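# Return atomic coordinates for the entry below.
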Amino acid sequence: MNQDVLDEALISEAVQLAASKDVAIIFAGLPDSFESEGFDRTHLNMPESHCELIRRVAEVQPNTIVVLSNGAPVVMPWLDSAKAVLEGYLGGQAGGGAAADILFGKVNPSGKLAETFPVSLKQTPAYLNFPGGKSEVNYGEGLFVGYRYYEAKEEQPLFPFGHGLSYTSFAYENIRLSKEIMRDSDTVEVIVTVRNTGDRVGKEIVQLYVQPLDSTIVRPVKELKGFAKVELQAGESAEVSFTLDKRSFAYFNTEIHDWFAETGSYDIVVGSSSVDTPLRETLKVLSTMIPFRKVTRNTKFYELLAIPETAEFAEKAMNDSLESIKHMGALFAESMGDGGLLLLFEEVAKWKKYDGLRSMISFFGSGMSEADFQKLIDDLNQKLGL
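This is a model prediction of the structure:
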């Protein structure tokens, strides 16, 4: 099919046939003219002739099933009309037999989407940057591709990452960690219980995501860090375990050119898709690495707070600075008769941990000389062996 042309005679024939049957199965998707090697798609639409066929058949046959053949997500304006949708992707020569086995119940489907299906092209992360200019494309979405984008934007996609249905059902009943606090040089085991609550055997893909709770850098809401498939008889339950190490919590730190797991709390969340995660437990991770190559005047208080050798210094220096900020705010508020100023200074104080060490000599003048400040930095580097 090289053109998207409605053939009224064929559609009418399909409608008439579907109306006389118990079930209608429509095989639709993307032809070569819509999707192939060597060119990019400019939209997420299926041929309008396919969509019209689905709509018209569904009007006369409530038990209409759509089997899709496509290499990437499509929008589905007809979704509410279909009783069921089977995503077949590009199954090759065995795809027909596989689809038949699923439709007739010989096989219980257990596949999960490895990508997010958006509602529309405009909902995709790259919409504002693609296809770009004449000679370049700006990958402006950065880290926020796929489910990371939809979660950060609180967007509701058509189908979320990891989504997939079964002829049975599963319950997630328990989660436990082998430890509550973990050093980045150690590992932690996560154990969850999954139960088949339906009436036939089935396989479930259990997905584990890690969610940083107090990160000091821009990170996705959560990221997939493990998955496992388990087969369960009707009523059977099983424990599924995952082992997480430093890389499960780390980001690539360009300052030290290495993977770095910052000290902080992380939620371990487990479920059947990126949006269906009923199990949650919190883990504290302690970093044994220094997140910079050298202490400088721009080193942040929070970076020093996370290092045992400098935490006490950073805590005292930050608190002394906070007291100065609050005192200065009180003086300004009193002299100017403006209570709002006091609130402003208190708000500034909340963000003090993100200040660099330079604020120790720059904020309203601390009385510390440049030479004393440099000696302080040199002492910190010596303490850290840098």
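
# For the rest of this, base every contact and every neighbour count on C-alpha atoms.
OK.

# Assign a three-state SS to Asp320, would you?
Counting by DSSP: H, G, I helix; E, B strand; the rest coil, the backbone at Asp320 sits in helix.

# Tell me the spacing between it and Lys352.
Asp320 is 11 Å from Lys352, where distance means Cα to Cα, to the nearest Å.

# Ok, Gly264 next?
Counting by Cα to Cα, the gap from Gly264 to Lys352 is 18 Å.

# same deal with Ala171?
Ala171 is 44 Å from Lys352, by Cα to Cα.

# And for Ile25?
62 Å.

# just Glu315 next, same as before
Glu315 sits 11 Å away from Lys352, going by Cα to Cα.

# Any stretches of the stretch 251-386 of the chain with poor pLDDT?
Judged by pLDDT under 70, the stretch 251-386 of the chain has its weakly predicted residues at 322-351, 362-367.

# And the strands in it?
251-253, 258-260, 264-271, 279-286 (DSSP state E, counting those that start in this stretch).

# Please list all residues in contact with the most centrally placed residue in the chain.
Nearest residue to the geometric centre of the chain (Cα atoms, centre = their mean): Arg148, 3.2 Å. Applying Cα atoms under 8 Å, 6 or more residues apart in numbering, one finds that Arg148 lies in contact with 220-223.

# how about a cut-off of 6 Å?
Neighbouring residues of Arg148 by Cα atoms under 6 Å, 6 or more residues apart in numbering: Pro220.

# Confirm it sits in a helix?
Yes: under three-state DSSP, Arg148 sits within a helix.

# which of Asp320 and Lys352 has more neighbours?
Neighbour tally, Asp320 and Lys352, criterion other Cα atoms under 10 Å: the higher count belongs to Lys352, 18 against 12.

# Could you check how far the more buried one is from Cys51?
Between Lys352 and Cys51 the distance is 57 Å, computed by Cα to Cα.

# For the residue nearest to the centre of the chain, give its distance to Val210.
For Arg148 relative to Val210 (Cα to Cα), the value is 12 Å.

# got it, and Gly264?
From Gly264 over to Val210 the distance is 12 Å, taken as Cα to Cα.

# Then Pro278?
In terms of Cα to Cα, Pro278 sits 13 Å off from Val210.

# neighbour-wise, which of those two wins?
Between Pro278 and Val210, counting by other Cα under 10 Å, Val210 is the more crowded of the two (23 against 15).

# show me the contacts for the more buried one.
Contact analysis of Val210 by Cα under 6 Å, 6+ apart lists 222-223, 267-268.

# redo that, cut-off 7 Å
Val210 is in contact with 222-225, 266-269, counting by Cα atoms under 7 Å, 6 or more residues apart in numbering.

# Now flag whichever of those is closest to Glu59.
Closest approach to Glu59 among the contacts of Val210 (Cα to Cα): Leu224, at 40.1 Å.

# which ones are touching the closest one?
208-210.

# Please identify the helix or strand for it.
Leu224 belongs to strand 223-232 when elements are defined using DSSP states H and E.

# Give the buried residues for the following helix or strand past that strand.
Per DSSP H and E, the first helix or strand lying C-terminal to strand 223-232 is strand 237-244. Going by neighbour count (16 or more other Cα atoms under 10 Å), the buried part of strand 237-244 is 237, 240-242, 244.

# Could you do stretch 121-140 as well?
Within stretch 121-140, the residues that qualify as buried by neighbour count (16+ other Cα under 10 Å) are 121, 123-126, 131.

# Using PDB, write down the CA coordinates of it.
Provided in PDB are the C-alpha atoms of stretch 121-140 (Å, rounded to 0.1, in the frame of the first residue of the first chain):
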ATOM      1  CA  LEU A 121       3.000  13.700  18.500                       C
ATOM      2  CA  LYS A 122       2.900  16.900  20.500                       C
ATOM      3  CA  GLN A 123       3.200  15.000  23.800                       C
ATOM      4  CA  THR A 124       6.500  13.500  22.800                       C
ATOM      5  CA  PRO A 125       9.700  14.700  24.600                       C
ATOM      6  CA  ALA A 126      11.400  15.700  21.300                       C
ATOM      7  CA  TYR A 127       8.500  17.500  19.700                       C
ATOM      8  CA  LEU A 128       9.900  21.000  20.000                       C
ATOM      9  CA  ASN A 129      13.400  20.000  18.900                       C
ATOM     10  CA  PHE A 130      12.800  17.500  16.100                       C
ATOM     11  CA  PRO A 131      13.500  17.500  13.100                       C
ATOM     12  CA  GLY A 132      15.600  20.600  13.900                       C
ATOM     13  CA  GLY A 133      17.400  22.900  11.400                       C
ATOM     14  CA  LYS A 134      19.000  22.300   8.000                       C
ATOM     15  CA  SER A 135      22.200  20.700   9.400                       C
ATOM     16  CA  GLU A 136      21.600  19.800  13.000                       C
ATOM     17  CA  VAL A 137      19.200  18.400  15.500                       C
ATOM     18  CA  ASN A 138      19.200  19.500  19.100                       C
ATOM     19  CA  TYR A 139      18.700  16.700  21.600                       C
ATOM     20  CA  GLY A 140      17.100  19.100  24.000                       C
END
